[in-house]
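Visitor: Quick one, structure for this:
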Amino acid sequence: MADRAQLNQVFDELRSQLKKYAPRLGEGANEAEQYILTPPDSPALRKMGFFASLQLRKNYVSFHLAPVYVDPTLLEGISPALKKRMQGKSCFNFAQIDPALFAEIDHLAARSLERFTTEATSGATP
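Guide: Presented below is the predicted three-dimensional model:
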């Protein structure tokens, strides 16, 4: 079981990854135990209410990525290790920093943003 200091480090690392997308998306919350990025101008994601969300829980940090719920094809090709971190359709739980998995989830977030930014500008829906 991870201790609180370790979980805070996981949360801070994931938040720093997501913050680079904030200029394109906007922040819905930036608190000690929650960080939310608002969705791009996408009808599909607007229903979700967020693009990405981090929540510091008792034993893990949950990373929710709404685009993969709306368009599961974004998950094609993810590693078995990242798949193992999934809870439900769009949530990944972490209890420790894992540079390889964090790089992969960052790439997934970037692809998701590109996918839904393209949708917003073209008018297409998934």
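Visitor: Got phi/psi on the residue nearest to the spatial centre of the chain?
Guide: Residue closest to the average C-alpha location in the chain (CA atoms, centre = their mean): residue 65, at 3.6 Å. When quoted as degrees, to the nearest 10, the phi and psi of residue 65 stand at phi -130, psi 100.
Visitor: Surely it is in contact with residue 89?
Guide: No: applying CB atoms under 8 Å as the test, residue 65 and residue 89 come out as separate, 9.9 Å apart. (Each C-beta comes from the backbone N, C-alpha and C, glycine too.)
Visitor: who touches the residue nearest to the centre of the chain in this structure?
Guide: Contact partners of residue 65, counting by CB atoms under 8 Å, 6 or more residues apart in numbering, are 51, 52, 90, 92, 105, 108, 109, 112.
Visitor: Now with 6 Å, please.
Guide: The contact partners of residue 65, by CB atoms under 6 Å, 6 or more residues apart in numbering, come to 52, 90.
Visitor: swap in residue 54?
Guide: Contact analysis of residue 54 by CB under 6 Å, 6+ apart lists 14, 15, 35, 63.
Visitor: One more: residue 61?
Guide: 7, 10, 11, 94.
Visitor: would you list the residues you listed in TSV and tack on secondary structure?
Guide: Putting these into TSV (DSSP: H, G, I helix; E, B strand; the rest coil) gives the following:
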residue	secondary structure
7	helix
10	helix
11	helix
94	strand
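Visitor: Next, residue 28: secondary structure please.
Guide: strand.
Visitor: beta partners of the nearest residue to it once chain neighbours are set aside?
Guide: Nearest residue to residue 28 in three dimensions, chain neighbours excluded: residue 36, at 3.7 Å (CB to CB, 6 or more residues apart in numbering). When bridges are called by DSSP bridges, residue 36 pairs up with residue 29, residue 53.
Visitor: any idea how far stretch 65-81 is from the chain center?
Guide: 10 Å (CA atoms, centre = their mean, to the nearest Å).
Visitor: then that stretch to PDB, C-alphas only?
Guide: Output of stretch 65-81 as PDB, limited to C-alpha atoms (Å, rounded to 0.1, in the frame of the first residue of the first chain):
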ATOM      1  CA  LEU A  65      -9.700  10.400 -19.500                       C
ATOM      2  CA  ALA A  66     -13.100  11.000 -20.900                       C
ATOM      3  CA  PRO A  67     -12.200  10.700 -24.600                       C
ATOM      4  CA  VAL A  68     -11.500   7.000 -24.200                       C
ATOM      5  CA  TYR A  69     -15.000   6.500 -22.800                       C
ATOM      6  CA  VAL A  70     -16.500   8.300 -25.800                       C
ATOM      7  CA  ASP A  71     -14.200   6.700 -28.400                       C
ATOM      8  CA  PRO A  72     -12.700   3.400 -27.100                       C
ATOM      9  CA  THR A  73     -10.700   3.000 -30.300                       C
ATOM     10  CA  LEU A  74      -8.200   5.400 -28.700                       C
ATOM     11  CA  LEU A  75      -7.300   2.500 -26.400                       C
ATOM     12  CA  GLU A  76      -6.200   0.300 -29.300                       C
ATOM     13  CA  GLY A  77      -2.500  -0.500 -28.900                       C
ATOM     14  CA  ILE A  78      -2.100   0.400 -25.300                       C
ATOM     15  CA  SER A  79       0.400  -1.800 -23.400                       C
ATOM     16  CA  PRO A  80      -0.800  -4.700 -21.200                       C
ATOM     17  CA  ALA A  81       0.800  -2.900 -18.300                       C
END
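Visitor: Understood, closing this out.
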